[in-house]
Every structure is written in structure tokens, then in C-alpha cells.
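Enquirer: When you get a sec, could you give me coordinates for this:
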Amino acid sequence: MTSTEQASKSGAQAAHPDHLGHVIFIAAAAAMGGFLFGYDSSVINGAVEAIRGRYDIGSAALAQVIAIALIGCAIGAATAGRIADRIGRIRCMQISAVLFTISAVGSALPFALYDLAFWRIVGGFAIGMASVIGPAYIAEVAPPAYRGRLGSFQQAAIVIGIAVSQLVNWGLLNAAGGDQRGKLMGLEAWQVMLGVMVIPAVLYGLLSFAIPESPRFLISVGKHERAREILAEVEGDKIDLDARVTEIENAMKSEHKSTFKDLLGGSFFFKPIVWVGIGLSVFQQFVGINVAFYYSSTLWQSVGVDPTDSFLYSFTTSIINIVGTVIAMIFVDRVGRRPLALIGSAGMVIGLALEAWAFSFDLVDGKLPAVQGWTALIAAHVFVLFFALSWGVVVWVFLGEMFPNRIRAAALGVAASAQWIANWAITASFPSLADWNLSATYVIYTVFAALSIPFVLKYVKETKGKALEEMG
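Expert: Predicted coordinates:
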């Protein structure tokens with residue numbers, strides 16, 4: 001019997017949970033790791049200029065301190081799959097929460113620059129783990145009919161984390177008189193900004209105790225009865241639970257624990273499907289989206305915007321980010337993943353090209369000319385909107401779905417690691433590239449957005465509505 005026939009027999013494709021709100025809570029709790037990623041990505045935005053001033057460092061060194069967390073993210077993402085296969089998805093989330101809490105405290109109370117960099121690596125490792133476990137766990141517990149929307153919770157959590165951190169930064173900056181190094185609670189404002197990360201980290205840890213383990217992991221360790229109970233919770237008791245357990249078990253019997261070696265093959269080192277996952281991850285980052293969140297306030301200040309207003313503009317960008325993510329959540333299971341990706345790529349090309357044009361003009365009295373200034377601001381919001389309604393969501397959904405069962409954990413780890421490395425490359429290079437030629441930098445991002453269109457058309461297959469056992 002084929003996997004498609006098995007899915008049909010067990011009713012997996014038509015599964016509808018009796019308590020959808022409970023399934024939504026489970027997905028939202030797992031996606032808190034995405035909230036931590038978003039919060040950390042943007043909270044540093046409020047500390048960039050303060051760190052530059054306190055430690056008297058140039059753009060290149062500053063970029064390394066900001067971006068070094070992403071190296072930790074890559075390591076965490078690369079190892080999370082194996083850890084999750086050994087000790088479970090929930091334990092992995094709890095380890096991530098503990099490490100991120102420690103990182104938040106250390107980052108808020110650094111002794112020196114190297115100390116701050118170390119704690120950012122620790123936090124990055126935690127976020128890298130969460131970035132892999134969140135999408136994989138949600139894909140494993142979500143009914144196929146809802147998996148795209150529930151999988152998009154990861155990106156929704158990221159953009160909400162970005163918005164909340166920018167709102168908190170704006171409030172703390174105002175409380176400190178508009179000075180990132182102003183005193184608050186005996187510390188400099190930027191230290192308080194980083195320390196506040198303790199709150200979502202602890203919440204993530206607490207929520208991990210309130211959600212069930214993945215039924216696929218439970219079956220893999222012989223806990224069939226508990227797996228059956230959870231499947232009834234998340235897919236509804238109207239499906240044939242015994243058939244579902246047998247379906248998953250048979251799929252697992254035909255596989256073994258995924259390792260890096262399992263990903264090898266084909267003409268270019270990795271199997272083709274792994275390269276597609278890596279390509280999706282790299283394109284998601286090489287359009288320069290995280291420049292908008294790591295450096296947005298610095299960017300606006302560089303073209304003459306008042307520091308406090310620059311934080312406000314950054315926050316409005318985050319609101320647009322949330323709006324775009326909601327649009328994607330509505331349409332990802334209706335329209336499909338590929339069409340959203342293509343629409344988003346076309347929109348990003350337009351937004352990025354307009355930004356490149358606007359930044360090509362010389363500053364007048366420290367500011368862009370009025371037309372170019374407004375064009376840059378509007379184009380930045382257009383770019384973020386189209387990213388959010390497409391690549392921001394569909395890449396995480398794809399990575400949670402697209403790999404065959406036998407290589408899913410390892411392949412997701414490699415793809416997520418590639419995403420963090422690409423993120424690091426963009427984040428670390430932006431200050432120096434911007435000093436060289438800001439307009440040309442945005443031309444580079446525009447080119448990658450354009451190249452993503454033929455990549456999707458040629459290599460990416462639709463995963464909408466398919467059971468995980470059908471992938472491959």
C-alpha cells in the first residue's frame with residue numbers, strides 16, 4: 001500500500017481536531033521560540049549605537065558583535081535535530097529556554113566586549129535550536145488540513161517578537177531621555193533592553209511544560225498509547241487512530257535515525273531535496289530582510305531621521321510585517337506555498353529597487369531630498385510587506401514539510417544552519433557595504449530577490465495538503 005493510500009485509509013488528510021483551540025495553543029506555544037528569535041533580532045537594534053559608543057569600535061567590529069549570535073544560531077540549528085531525536089522535542093525546547101535566559105542576563109551585564117559577544121553566541125545557540133524544533137514539532141502535531149496555517153505561527157511569532165521588542169525599546173529609550181546610554185534602574189538603557197529578554201525566555205520554558213510531546217517521537221520510542229492519545233487530541237477521534245499509528249510506525253520502520261551522512265548523494269554532495277531546502281533558506285536571507293530589523297534605526301539615522309523617530313519608523317515597519325504575516329496565514333493553505341513565494345519575490349524586487357534608487361542620491365544638509373526620502377520609507381514598507389506575506393512564512397512551512405521522513409530532522413538542521421549562516425553573512429557585511437555604497441548594497445539584494453523567482457519555478461514543489469508520510 002502506498003503512503004498516499006495509507007493516509008487516505010486512516011483519514012489523515014481529512015483530519016479535523018475536536019478542539020481546534022487546543023491545537024492552536026500547542027502550535028503557538030511551540031512557536032514561542034520564533035518569538036525569541038524575533039525579539040533578539042530586533043532588540044539589538046536599540047543597542048547598536050550605544051555599543052559602538054561604549055566600546056569605541058568601528059563598523060566592521062560592531063557588525064561582528066551584532067552578527068556573532070548568528071554563528072551560535074547555526075551551531076544550534078545543526079545539532080538540534082539529533083538532540084530532538086534522542087531526548088524529544090519538548091526537552092529540546094526547555095534546554096533552549098534555559099540557555100536563552102542565561103544569555104539575556106549575561107548580555108545585560110557584560111564586563112567587556114568579548115563578554116557580550118560570548119553571551120550573544122549562547123543566546124544564538126538557543127535560538128538556533130528553537131528555530132529547528134518549532135517548525136518540525138508543529139508539522140508533526142498539526143493535522144494536514146491546518147498544517148500550513150499552524151506552521152506559519154513560527155513566522156507570526158518572529159514578527160510579533162520584532163514588533164514587541166521595538167515597542168519596548170522605544171519606551172525604554174523615551175524613559176532614558178532619548179539616549180541609548182541614558183541611565184535606567186542603575187544600568188544604561190541598552191543593557192535594560194537586552195535584559196528584558198529574560199521575560200519571554202522564561203515564558204517559553206513554562207509553556208513547554210503545557211504541551212504534549214510529538215506523537216511521531218513517542219512512537220519512535222515505543223510509547224504507542226500516549227501517541228494515540230495525542231493524535232486523538234490534535235487530529236480528532238473520528239479518524240482511525242490505530243491506522244494512523246500503524247501508518248506512522250510503518251513509515252519509521254522503513255527509515256533510520258537521520259544523520260548527516262543520509263543527506264549525501266547526487267551530483268553535488270547533498271541530495272537534490274536538501275539543496276532545495278538550503279536554497280530556500282539562503283534566498284530568504286540574501287534579500288536583506290534582517291538589515292531592516294538589525295540596523296533599521298541606524299539606517300534611518302544615517303539619512304537624517306531623528307533617533308527617536310527612527311525607532312518609530314522601525315516599529316511601523318514591524319506593524320506592516322505583522323499585517324503581511326496575517327495575510328500569509330490566511331492564504332498559505334488556500335493559495336499554496338509556491339504562488340505566495342512568487343508573488344512575494346516580485347513585490348520585493350520592486351521595493352528593493354526603489355530603495356536602491358532613493359539611496360543613490362546625495363544627502364542635502366544630512367538628509368535625503370524629500371522625494372527620495374519618502375520613496376525610501378515607503379519602499380522599505382513595501383519590501384517588508386511582500387516578504388512577510390510570502391518568504392517569511394512559506395520558507396518555515398516548506399522546511400517543516402518538504403523533506404522525506406527518513407531525513408527530515410537532519411535535513412531541516414542543515415537547511416536552518418544555512419539560513420543562519422546566510423543571515424550572518426548579510427548582517428556582518430551590511431555596515432561595511434553601507435559605508436562603501438548604500439545604493440549598490442540594495443541593488444545586490446534586488447538581484448537575489450529576482451533570482452528567487454526562477455529558483456522557485458524550477459526547483460520547488462508544492463506541499464499544500466499532503467501528509468508528511470507522502471513527502472519525498
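Enquirer: Show me where this protein has its strands.
Expert: Using DSSP state E, the strands of the chain run over 183-184, 187-188, 264-268, 270.
Enquirer: Out of these, which gets the lowest mean score?
Expert: Ranked by mean pLDDT, these bottom out at strand 264-268, which scores a mean of 65.
Enquirer: How far off centre is the helix or strand just after it?
Expert: Downstream of strand 264-268, the first helix or strand assigned by DSSP states H and E is strand 270. What separates the centre of strand 270 from the centre of its chain is 23 Å, taken as Cα atoms, centre = their mean, to the nearest Å.
Enquirer: Same question for stretch 412-429.
Expert: On the basis of Cα atoms, centre = their mean, stretch 412-429 is displaced by 11 Å from the centre of the chain it belongs to.
Enquirer: Same question for it: list its buried residues.
Expert: Of all the residues in stretch 412-429, those buried under the rule 16 or more other Cβ atoms under 10 Å are 412-424, 426-429. Just so you know, the C-beta spots here come from the backbone N, C-alpha and C atoms, and that holds for glycine as well.
Enquirer: where in the stretch 151-300 of the chain is pLDDT low?
Expert: Regions of the stretch 151-300 of the chain meeting the criterion pLDDT under 70 cover residues 237, 252-262, 266-268, 293-300.
Enquirer: before we move on, what about the stretch 1-150 of the chain?
Expert: 1-19.
Enquirer: What ranges does it have for its helices?
Expert: With helices called from DSSP state H, counting those that start in this stretch, the stretch 1-150 of the chain shows them at 3-10, 20-30, 32-43, 48-55, 59-87, 89-108, 113-141, 147-151.
Enquirer: Can you say which of the ones you listed is nearest to residue 187?
Expert: Distances from residue 187 to each of those were compared by Cβ to Cβ, and the smallest falls on helix 89-108, at 7.0 Å.
Enquirer: That closest one versus helix 113-141: what angle between them?
Expert: If you take axes from the mean of the first three to the mean of the last three Cα atoms, to 10 degrees, helix 89-108 sits at 160 degrees to helix 113-141.
Enquirer: Report the distance from helix 89-108 to the chain centre.
Expert: Remark: helix 89-108 is offset 17 Å from the chain centroid, using Cα atoms, centre = their mean.
Enquirer: again, but for stretch 326-344
Expert: 17 Å.
Enquirer: Other residues contacting that stretch?
Expert: Outside stretch 326-344, the residues within contact range by Cβ atoms under 8 Å, 6 or more residues apart in numbering are 145-149, 151-153, 155-156, 386-394, 397-398, 452-453, 456-457, 460-465.
Enquirer: Please repeat the previous calculation with a cut-off of 6 Å.
Expert: Surrounding stretch 326-344, the residues in contact under the criterion Cβ atoms under 6 Å, 6 or more residues apart in numbering are 148-149, 152, 386, 389-391, 393-394, 397-398, 456, 460, 462, 464.
Enquirer: Roughly how far does the closest residue to residue 124 other than its chain neighbours sit from residue 148?
Expert: Here the nearest residue to residue 124 in space, its sequence neighbours aside, is residue 72; by Cβ to Cβ, 6 or more residues apart in numbering that works out to 2.7 Å. When Cβ to Cβ, to the nearest Å is the yardstick, residue 72 and residue 148 sit 30 Å from each other.
Enquirer: quick one, which of those two is more surrounded?
Expert: Relative neighbour count places residue 148 above the other of residue 72 and residue 148, with 29 against 26, counting by other Cβ atoms under 10 Å.
Enquirer: I'd say that one and residue 397 touch.
Expert: Yes - the criterion here is Cβ atoms under 6 Å, and residue 148 meets it with residue 397 at 5.5 Å.
Enquirer: Can you report how many residues lie near residue 31?
Expert: A count of neighbours around residue 31, defined by other Cβ under 10 Å, yields 30.
Enquirer: what residues are up against it?
Expert: With contact taken as Cβ under 6 Å, 6+ apart, residue 31 is in contact with 134, 153, 154, 157.
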